[in-house]
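In: Below is the sequence, then the predicted model.
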Amino acid sequence: MTITLLTDFGTADYFVPAMKGVIHSICPSAQLIDLTHEVPPQDISSGAFTLAAAAECFPAGTIHLAIVDPGVGSARRPLIVEADQHFFVGPDNGLFSLVVAHAKSVRFIHAERAEFFLPQRSATFHGRDVFAPLAGWLARGVSLASLGSLIDDAVRLDWPAPQWDDVRQCWIGQIIHIDHFGNCITNLTAAEFKGETALQVGEHLVTQFGTHYAEAQKRDELFGYLGSAGYWEIGMWCASAAERFQIYREELVSIL
Amino acid sequence: MTITLLTDFGTADYFVPAMKGVIHSICPSAQLIDLTHEVPPQDISSGAFTLAAAAECFPAGTIHLAIVDPGVGSARRPLIVEADQHFFVGPDNGLFSLVVAHAKSVRFIHAERAEFFLPQRSATFHGRDVFAPLAGWLARGVSLASLGSLIDDAVRLDWPAPQWDDVRQCWIGQIIHIDHFGNCITNLTAAEFKGETALQVGEHLVTQFGTHYAEAQKRDELFGYLGSAGYWEIGMWCASAAERFQIYREELVSIL
Amino acid sequence: MTITLLTDFGTADYFVPAMKGVIHSICPSAQLIDLTHEVPPQDISSGAFTLAAAAECFPAGTIHLAIVDPGVGSARRPLIVEADQHFFVGPDNGLFSLVVAHAKSVRFIHAERAEFFLPQRSATFHGRDVFAPLAGWLARGVSLASLGSLIDDAVRLDWPAPQWDDVRQCWIGQIIHIDHFGNCITNLTAAEFKGETALQVGEHLVTQFGTHYAEAQKRDELFGYLGSAGYWEIGMWCASAAERFQIYREELVSIL
């Protein structure tokens, strides 16, 4: 059984290995694979984006433990989601909005059975005390029905969708993610844009398009391409577009 | 058999994977789990804190390979510690002080048998050449008695304990760790403080207390809570207390 | 079967876990071990150095998936290298130059059989769509002959070698890597230098030499030692030589 882990915990503290130790104590045979622990602190929508893009590459049956949890200790519910035979364990705060958006079959379980948590439960580290044990017991074969009860009111994020601007007569999207290389991922897909005209981000125009970085003819200028997550991206050849052109997350992008 | 790894080596160099390759060559079935490799360079007491908090979540029988080793190549001894059926491998410089402080049974072994090191031994990378092989052979089932001899003079750190101030008639502790979120962990426990009055750190007063971040009524002010490692922590809701209020490690904290 | 991973992808994005998910879908029993994902973006020669130093610690039969790939999507070929019974999968751009330089037997295979790639292939993420599947199928036991055809014109980097300066009558090397601790690794080996005289880097002289950091008598000055990768290094005791003395990669180092 494979358990992946995604958090905003960073990798310098005892947080992530404590969770792994708990899982390992409950289900020693579970294979642990990190998605990332560098989600920006408390940034649920950024976590939702990375989780969706990474989880879809794993096989059915994988358990994804995902924690970005500013409401830890409060009344927000511990959640288990089954979406197309993938299992997701984490807080009920919208973190799973994107993975369920495209799923054919989805079940939400409120994991309320405290006998599957650690006996001593802190109020600030449910990753170790609540979610890691749940993932461990799930990997050990405990059924969803034993872990909690079905709910239909799980929290969902309003995911930013491209908007049609009636005045300017164009689609307006936004930058939803900046990656490690400084490429700027928009929420525009092939449905809104085919790369035939131009994109505007802030004061900058993107007029050259292609399929891969080395195709950029003007290497000091922005370059647009349909990225590997299915969204239009704005990048540069061997340089950080975000840094060079000061492009930030949530900035608007218009199709001209 | 599971081997965890904690170092100050960072994750950009060949240091950590070289150690994993050596272990893997000796004991291919060992499961390798990173604790962290971001201990501040040469900071033995920070490593001791993270090691203790992470290791306690793993089951008995786990081997913990831990290396923060400014004295590499000098006469400091390679050490294997058995503490409550956990095994620790690393330099004899106090790194294991905290894990043994709370253990019921402890044995220290000076690992002096060079036939269990790599044949070519560098003077600057005992992680690869001495400690990784020791962990690998231990995982393979070589006995402690074969690896070295019992000692009773292992180096111990003076761990900072809260002090009672007779003049001011109060407990004085200190910040022992700043975590990824900017929460400031003190060395004060429930024995010294119940959250009934106030804490002073530098010029700042902490007057609101609770069990979890979302309880902070005044969200721009410091908030105290008994943290997941058993120590009082000073944080903020969805923000870095260390950065906002310029709080540093080793700063004193008084109970008013 | 063990697969290691080295990239310049960082660990904050979905890139690395997406690759692991693909491998895991093809070969669930493969054990995945990260070398590093912090190769400086697009820096093929830095990747080549770290790959060589880490890979040599793994046993024969290991598959090393290594991707630093500024030419992704262009005509550069996907490559599988067999070098002394280690397997390397990645782009044909010189990344494997150093691992093959010291190998006794080497074969290069152009992995051109698209049925072993993912069916939907992006132009910007061959790590997920081309190289991860190749590594997965190789781990599953597919033969090199099935994956592509032998070539003899794989790209090789000109690795910087020490030069003999006829005028100054001395060897001149360079800094090829700065490690996590700020130690500066040169390309000078025991063949050029025995630590008997002095090294000059920029305006700074290194006149104290030894085997390990604690031997440095003058702790505020640079200290030279033959490092764990077989090259002379310039460091300091418990401090970053690179930062303190402003030493950069590619700076020249003369033996005086």
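Out: Happy to help now that I have it. Numbers count the residues shown, from 1 in each chain, chains lettered A, B, ... in the order given.
In: ok, and the closest non-adjacent residue to the residue in the stretch 101-250 of chain A positioned nearest to chain C?
Out: Of all residues in the stretch 101-250 of chain A, residue A:212 sits closest to chain C, at 2.4 Å by C-beta to the nearest C-beta. All C-beta spots, glycine's among them, are computed from the backbone N, C-alpha and C. In this structure, residue A:212 finds its nearest non-sequential neighbour in residue C:73, 2.4 Å apart by C-beta to C-beta, 6 or more residues apart in numbering or on different chains.
In: so who does the one you found touch?
Out: Residues near residue C:73 by C-beta atoms under 8 Å, 6 or more residues apart in numbering or on different chains: A:211-215, C:123-124, C:126.
In: sorry, back to before: would you confirm that the residue of the stretch 101-250 of chain A closest to chain C contacts residue C:123?
Out: Yes - taking contacts as C-beta atoms under 8 Å, residue A:212 lies within contact range of residue C:123: 4.1 Å.
In: which residues do the two both contact?
Out: With C-beta under 8 Å, 6+ apart, residue A:212 and residue C:123 have common neighbours A:225, C:72-73.
In: out of those residues, who's nearest chain B?
Out: Lowest distance from chain B to those (C-beta to the nearest C-beta) belongs to residue C:72, with 21.7 Å.
In: Contacts only, for the closest one.
Out: A:212-214, C:91, C:123-126.
In: hmm, try it at 6 Å
Out: Contact analysis of residue C:72 by C-beta atoms under 6 Å, 6 or more residues apart in numbering or on different chains lists A:212, C:124, C:126.
In: quick one on the thing from earlier: the residue nearest to residue A:212 and residue C:126, how far apart?
Out: Going from residue C:73 to residue C:126 by C-beta to C-beta, to the nearest Å gives 7 Å.
In: One more: residue A:208?
Out: The gap separating residue A:208 from residue C:126 is 21 Å, by C-beta to C-beta.
In: likewise residue A:55?
Out: Distance from residue A:55 to residue C:126, by C-beta to C-beta: 21 Å.
In: Now do residue A:161: how many residues are near it, please.
Out: 9 (other C-beta atoms under 10 Å in any protein chain shown).
In: Spell out the secondary structure type for it.
Out: At residue A:161 the chain is in coil, as set by DSSP: H, G, I helix; E, B strand; the rest coil.
In: nearest residue to it other than its sequence neighbours?
Out: Excluding the flanking residues, the one nearest residue A:161 by C-beta to C-beta, 6+ apart is residue A:187, at 6.8 Å.
In: The one you found and residue A:176 touch, don't they?
Out: Yes - in this structure, residue A:187 is within contact of residue A:176 by C-beta atoms under 6 Å, at 4.9 Å.
In: Wait, residue A:242 touches residue A:182, no?
Out: Yes - Residue A:242 is in contact with residue A:182 according to C-beta under 6 Å; the separation is 4.1 Å.
In: neighbour count winner among those two?
Out: Neighbours per residue, other C-beta under 10 Å: of residue A:242 and residue A:182, the larger number sits with residue A:242, 21 against 18.
In: where's residue A:153 relative to residue C:209, distance?
Out: Taken as C-beta to C-beta, the span from residue A:153 to residue C:209 is 70 Å.
In: Find the closest residue to chain C in the stretch 1-150 of chain A.
Out: Ranking the residues of the stretch 1-150 of chain A by distance to chain C (C-beta to the nearest C-beta) places residue A:57 first, at 3.1 Å.
In: Let me know whether that residue touches residue C:21 as I believe.
Out: Yes - judged on C-beta under 6 Å, residue A:57 makes contact with residue C:21 at a distance of 3.1 Å.
In: Which residue of those two possesses the greater neighbour count?
Out: Ranked by neighbour count (other C-beta under 10 Å), residue A:57 and residue C:21 place residue C:21 first, with 24 against 20.
In: For that one, report the pLDDT, please.
Out: On pLDDT, residue C:21 comes in at 98.
In: Next: residue A:230.
Out: Looking at residue A:230, its pLDDT reads 91.
In: May I have the residues that are in contact with it?
Out: Applying C-beta under 6 Å, 6+ apart to residue A:230 gives the contacts residue A:189.
In: in which helix or strand would I find it?
Out: For residue A:230, there is no host helix or strand (DSSP states H and E).
In: quick one: it from residue C:122, how far?
Out: From residue A:230 over to residue C:122 the distance is 9 Å, taken as C-beta to C-beta.
In: Next: residue A:162.
Out: Shown here: residue A:162 relative to residue C:122, a distance of 21 Å by C-beta to C-beta.
In: Over to residue A:235?
Out: 13 Å.
In: Can you pick out the residue with more neighbours from these two?
Out: Each of residue A:235 and residue C:122 has its neighbours counted (other C-beta under 10 Å); residue A:235 has more, 25 against 21.
In: Spatially, and excluding backbone neighbours, which residue is closest to that one.
Out: Going by C-beta to C-beta, 6+ apart, residue A:235 has residue A:183 as its nearest residue, at 3.9 Å.
In: Test my guess that that neighbour contacts residue A:234.
Out: No - counting by C-beta under 6 Å, residue A:183 stays clear of residue A:234, with 7.1 Å between them.
In: Please say which of those two ends up with more neighbours.
Out: The neighbour comparison of residue A:183 against residue A:234 (other C-beta under 10 Å) goes to residue A:234, with 25 against 22.
In: who's in contact with the more buried one?
Out: By C-beta under 6 Å, 6+ apart, residue A:234 lies in contact with A:184, A:206, A:222, A:224, A:241.
In: Can you redo these as CSV, where the extra columns are secondary structure?
Out: CSV is the format used below for the contacts of residue A:234 (three-state DSSP):
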residue, secondary structure
A:184, strand
A:206, strand
A:222, coil
A:224, strand
A:241, helix
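In: Return the members of those residues classed as buried.
Out: Among the contacts of residue A:234, those classed as buried by neighbour count (16 or more other C-beta atoms under 10 Å in any protein chain shown) are A:184, A:206, A:222, A:224, A:241.
In: ok but residue A:5 is inside a helix, no?
Out: No - read with three-state DSSP, residue A:5 is strand and lies in no helix.
In: So which residues on the stretch 151-256 of chain A come close to chain C?
Out: A:179-181, A:211-212, A:214, A:227-228, A:238 (C-beta under 6 Å from any C-beta of the partner chain).
In: Equivalent analysis for the stretch 1-150 of chain A, please.
Out: Taking C-beta under 6 Å from any C-beta as the contact definition, the stretch 1-150 of chain A meets chain C at A:33, A:35-36, A:38, A:50, A:53-54, A:57-59.
In: at 7 Å what do you get?
Out: Contact residues (C-beta under 7 Å from any C-beta of the partner chain) of the stretch 1-150 of chain A with chain C: A:2, A:4, A:33-36, A:38, A:50, A:53-54, A:57-59.
In: Can you name the residues of chain A that neighbour chain B?
Out: Proximity of chain A to chain B, by C-beta under 7 Å from any C-beta, involves residues A:9-14, A:17-18, A:20-22, A:24-25, A:32, A:41-42, A:70-74, A:122-125, A:128.
In: per-residue pLDDT, residue A:148?
Out: Looking at residue A:148, its pLDDT stands at 97.
In: Correction: the previous question concerned residue A:102.
Out: 84.
In: just residue A:173 next, same as before
Out: So residue A:173 comes in at 96 (pLDDT).
In: Double-check that it belongs to a helix.
Out: No - counting by three-state DSSP, one finds residue A:173 to be strand, located in no helix.
In: Look at it and say how many residues are nearby.
Out: With neighbours defined by other C-beta under 10 Å, the count for residue A:173 comes to 24.
In: list the contacts for it?
Out: A:162, A:186-188, A:253 (C-beta atoms under 7 Å, 6 or more residues apart in numbering or on different chains).
In: out of these, who's nearest chain B?
Out: Nearest to chain B among those, counting by C-beta to the nearest C-beta, is residue A:187 at 24.3 Å.
In: Having no further points to raise, I will conclude here.
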